[in-house]
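**Student:** pasting the sequence and the predicted model now:
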Amino acid sequence: MFNLRSATSPAWLEVVFGDFNSFLVDHAACERKASATGMAFVVKYPDRTELLEPMIEFAKEELEHFHIVFKLLTERGLRLLPDYKDEYVNGLRSQMRPGSDELLLDRLLVAGVVEARGCERLKLIADHLPSSLAALGPVYEELARAESRHHALFFRLARRYFDAKTVQDRTDYLLDYEAALLERLPHTARVH
């Protein structure tokens, strides 16, 4: 399991609750992109048979989460936006190394770090919902639990293909980078 190097600032929560509609739109986009990430592993690594079933299940669960958040959007009269670049995810992906094995390891670990940060932030949302949004508490509790399972899944898959020291060394590097990246990025009404 990943231990993040930094905690999300309370200022992030203030921004999110100041524009919760924008947060919901972004959250839906994140769930949709996560589902696509799972299927991208299936497409790119059909020879890595231990990845296939878990990534198909991950993609299906993330698609279900997208549907849950999509319904929240429609209940509030909100619409999805066209795809846009996520500075946080792209920042982490900029650290991916070329080379078959290195790239596979980095893809797994970056996905795991993204899921770990999502877990932390969705749990913050669940724990601090204002009374006007209290009905969303159980939804965000469940989504945070799922993110926890997902980041653990990516870490386990990395250890299936790479030795523990290699995984830990690269995880340490990416977590240090992620903490520095998060510090540079402005607080926005987005998951990341």
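**Tutor:** Perfect, thanks for sending it.
**Student:** for this protein, what spans make up the helices?
**Tutor:** Shown for the chain, the helices assigned by DSSP state H span residues 10-18, 20-44, 49-75, 87-93, 100-128, 137-161, 164-184.
**Student:** quick one: residues contacting the nearest residue to His65 once chain neighbours are set aside.
**Tutor:** Among residues not flanking His65 along the chain, Glu31 sits closest, at 4.3 Å (C-beta to C-beta, 6 or more residues apart in numbering). The way it works is simple: take the backbone N, C-alpha and C, and place the C-beta from them, glycine included. Residues counted as contacts of Glu31 (C-beta atoms under 8 Å, 6 or more residues apart in numbering) are Glu62, Leu63, His65, Phe66, Ile68, Val69.
**Student:** so what's the fourth one up against?
**Tutor:** Meaning Phe66. So, once contact is read as C-beta under 8 Å, 6+ apart, Phe66 ends up touching Ala28, Glu31, Arg32, Ser35.
**Student:** now those residues in TSV, with pLDDT?
**Tutor:** Putting the contacts of Phe66 into TSV (pLDDT from 0 to 100) gives the following:
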residue	pLDDT
Ala28	98
Glu31	97
Arg32	97
Ser35	98
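**Student:** just these now: which is nearest Glu14?
**Tutor:** Ala28 (21.5 Å; C-beta to C-beta).
**Student:** any idea how far apart the tips of stretch 94-103 sit?
**Tutor:** Across its full length, stretch 94-103 reaches 11 Å end to end, with C-alpha to C-alpha, to the nearest Å as the criterion.
**Student:** now what about that stretch, what contacts it?
**Tutor:** Under the contact criterion C-beta under 8 Å, 6+ apart, stretch 94-103 has outside partners Asp106, Arg107, Val110, Tyr161, Phe162, Tyr173, Leu174, Tyr177.
**Student:** I'd like the contacts of Glu31 laid out as TSV, including pLDDT and distance to His150.
**Tutor:** Formatted as TSV, the entries for the contacts of Glu31 read as follows, by pLDDT from 0 to 100; distance: C-beta to C-beta, whole Å:
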residue	pLDDT	distance to His150
Glu62	98	8
Leu63	98	13
His65	98	10
Phe66	98	14
Ile68	98	15
Val69	98	15
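**Student:** re earlier: which two in the contacts of Phe66 are spaced the farthest apart?
**Tutor:** The widest separation within those, taken as C-beta to C-beta, falls between Ala28 and Ser35 and amounts to 11.1 Å.
**Student:** more neighbours: those two, which one.
**Tutor:** Neighbours were tallied for Ala28 and for Ser35 using other C-beta atoms under 10 Å; the higher tally belongs to Ala28 (24 against 20).
**Student:** chain neighbours aside, what residue packs nearest to the more buried one?
**Tutor:** In space, not counting the residues next to it along the chain, Ala28 is nearest to Val69; the distance is 4.2 Å by C-beta to C-beta, 6+ apart.
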